[in-house]
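Trainee: got a structure for you, letters missing:
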């Protein structure tokens, strides 16, 4: 079974600075998808960024980028120029290509301080 | 697209009452998921459907919980009888799924359930 581990329950960062959230996973699959979701205090979960395991290039979405290390089974999220609106819980998730469901980590609560 | 729609947004009920939560997935999505989120247990997958058929209900906590998906545009999660420990936020999510190679889940706004 796949597992997803987020070792940082809480983090904080000053506005405009950069922060990195860690995620590791365990799988025997060779092809799969990884995701970071954001859940702001308003509760609705939204996708931040996704990465396909067969792609070497790290995904980037504006201020959000990932550092995907397939051999190390690591998938960290970097937020540049942090904004107050980035305050949220962030979930790392894994989905293999044979199952419709995803496995989620326990989440990291990020607070951006003014 | 309106996104995933859940109703009600808030539900307060008394112990022993039946509770029904509703979800309308995004049109064209093949997969539907029900999650429960609490401070103590985090985000838990309760059950998920593929093309209206339940695939895995191993996360359903006990027989008091049941879920149905009578058609592609509607699903319910029912708790009967409800207990205070069922108090949580319940999320519904949908995705295009395996066949079309898309696994991103789109979440609804959630239903905050309080059982007194």
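Mentor: Looks like it arrived, so ask away. This one's a predicted model, so the numbers in the text were calculated from it and none came from an experiment.
Trainee: any idea which element the most centrally placed residue in chain A lies in?
Mentor: The centre of chain A sits closest to residue A:36, judged by CA atoms, centre = their mean, with a distance of 3.3 Å. Using DSSP states H and E, residue A:36 sits in strand A:32-39.
Trainee: That strand pairs with which strands, parallel or anti?
Mentor: The strands that strand A:32-39 pairs with in its sheet are strand A:46-52 (antiparallel), strand A:88-96 (antiparallel) (by DSSP bridges).
Trainee: how many other residues sit next to residue A:32?
Mentor: Using other CB atoms under 10 Å in any protein chain shown, residue A:32 has 21 other residues around it. Quick note: C-beta positions are derived from backbone N, CA and C, even for glycine.
Trainee: I'd guessed it sits against residue A:96; true?
Mentor: Yes. Under the criterion of CB atoms under 8 Å, residue A:32 makes contact with residue A:96 at 4.6 Å.
Trainee: Could you check how far residue B:58 is from chain A?
Mentor: Relative to chain A, residue B:58 is positioned 11 Å away (CB to the nearest CB, to the nearest Å).
Trainee: same thing with residue B:93?
Mentor: 8 Å.
Trainee: Verify the stated contact: that residue with residue B:109.
Mentor: No. Counting by CB under 8 Å, residue B:93 stays clear of residue B:109, with 11.1 Å between them.
Trainee: Counting neighbours, go ahead and name the busier of those two.
Mentor: Just comparing residue B:93 and residue B:109: by other CB under 10 Å the higher neighbour count belongs to residue B:93, 26 against 18.
Trainee: Run through the residues that contact that one.
Mentor: A:45, B:4, B:32-33, B:35, B:105-108 (CB atoms under 8 Å, 6 or more residues apart in numbering or on different chains).
Trainee: What of residue B:31?
Mentor: Listed by CB under 8 Å, 6+ apart, the contact partners of residue B:31 are A:100-101, B:48-50, B:94-97, B:105.
Trainee: With that, I have no additional questions.
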